[in-house]
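Visitor: Have a look at this prediction, sequence included:
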Amino acid sequence: MDRNTLPFLRVAARTRLRERKLRRILGPDLSRPVSWQATDNPLVGETAEIFELSHDVHKWSQYFEAYDAVLAPLRDRPIRMLEIGVFRGGSLEMWRTYLHPDSVIVGVDIDPDCARFDDPDRDIHVRIGPQQDTAFLRRVIDEFGPFDVILDDGSHVNSHIIDSFTYLFPNALADNGTYMVEDIHANYWWTHADRSETFVDLTKWLIDAMHAHYFDNIGESAFHAGGAERKQVVRVPFATTIVGKIEFYDSVAVIHRRIRELPRSIFRA
């Protein structure tokens, strides 16, 4: 067997397994097959309006809802934004137009030709290097970080997305910052499956990490405010203390960094 076909076969097998699990877990009503008609409805939202006037930029139609929801609350102040994946520079120009004029926008890309989009006079900065190279990322953080928003629109390769996130989220994202990953649909395509775990899989583990303080404590009394059985200290992964919220849009995952307090159960008689 041609070893180049192995990734395809592995992903195909996982897809069939995933489909069977979906049918079993969703039940007959939610999993029944339906026809979904293609449409060309107008794009909606302010980022969509900027996109319509932009050049050399590629976006999926459903992304603008996520952009407006995540970025609109940040527009009244200067922020620092890191975008992984520069391509032809169009998205850097989108953010320059959309964000506060004093915001700093940094793009990284593996293609040396993208260095031509470096424009320090307009606070657009481009650095060349692999998104999975933590030494390169450390230099970017030291020069420009921490960042209020990190947007991964890079290679979409499973290992690259995961390696970038697991390094940048704890080390480069400011408190109350937001990490967005685009094109997670590529997780389901064999062309990007260089490892069995996908970023979608990682987000499921992040959900578990958000709740890790409940793993070893059976019952509400361990968290009851003022109760004799309340746990004062709980050992958890670092992720538990900083992953505040996880949102999903079609092909976009949004992970919010928040300094969390250990939850407590409060009873009012």
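Guide: On my side now, so go ahead. Numbering: from 1, shown residues only.

Visitor: now do the same end-to-end measure for stretch 38-49.
Guide: 22 Å (CA to CA, to the nearest Å).

Visitor: An error on my part: the question was meant for stretch 40-51.
Guide: 16 Å.

Visitor: Can you measure across stretch 109-118, start residue to end residue?
Guide: 11 Å.

Visitor: Name the residues that touch that stretch?
Guide: The contact list for stretch 109-118 (CB atoms under 8 Å, 6 or more residues apart in numbering) reads 84-87, 89, 92, 107, 124-126, 128-131, 154-155. In short, each C-beta sits where N, CA and C put it, glycine included.

Visitor: ok now do Met81, which residues does it touch?
Guide: 95, 99, 103-106, 147-151.

Visitor: Who does it form a beta bridge with?
Guide: Under the criterion DSSP bridges, Met81 forms beta bridges with Ile105, Val149.

Visitor: now the strands: where do they sit in the stretch 51-200 of the chain?
Guide: 80-84, 104-109, 124-128, 147-152, 173-181 (DSSP state E, counting those that start in this stretch).

Visitor: Against which helices or strands is the last one packed?
Guide: For strand 173-181, the elements it packs on are helix 63-71, strand 147-152, helix 158-171, strand 252-257, judged by 3 or more CB pairs under 8 Å, 6 or more residues apart in numbering; DSSP states H and E.

Visitor: partners of the last one in the sheet?
Guide: In this case it means strand 252-257. Sheet pairing of strand 252-257 (DSSP bridges) gives strand 173-181 (antiparallel), strand 243-249 (antiparallel).

Visitor: Among those, which comes closest to Asp208?
Guide: Taking CB to CB as the criterion, strand 243-249 is the member of the strands paired with strand 252-257 that comes nearest to Asp208, at 10.4 Å.

Visitor: how about the CA coordinates for the closest one, as CSV?
Guide: C-alpha atoms of strand 243-249 as CSV (Å, rounded to 0.1, in the frame of the first residue of the first chain):
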residue,chain,number,x,y,z
VAL,A,243,-10.0,29.1,30.4
GLY,A,244,-13.0,31.2,31.1
LYS,A,245,-15.3,30.5,28.1
ILE,A,246,-15.3,28.4,24.9
GLU,A,247,-17.5,29.3,22.0
PHE,A,248,-18.0,27.6,18.6
TYR,A,249,-19.2,29.0,15.3
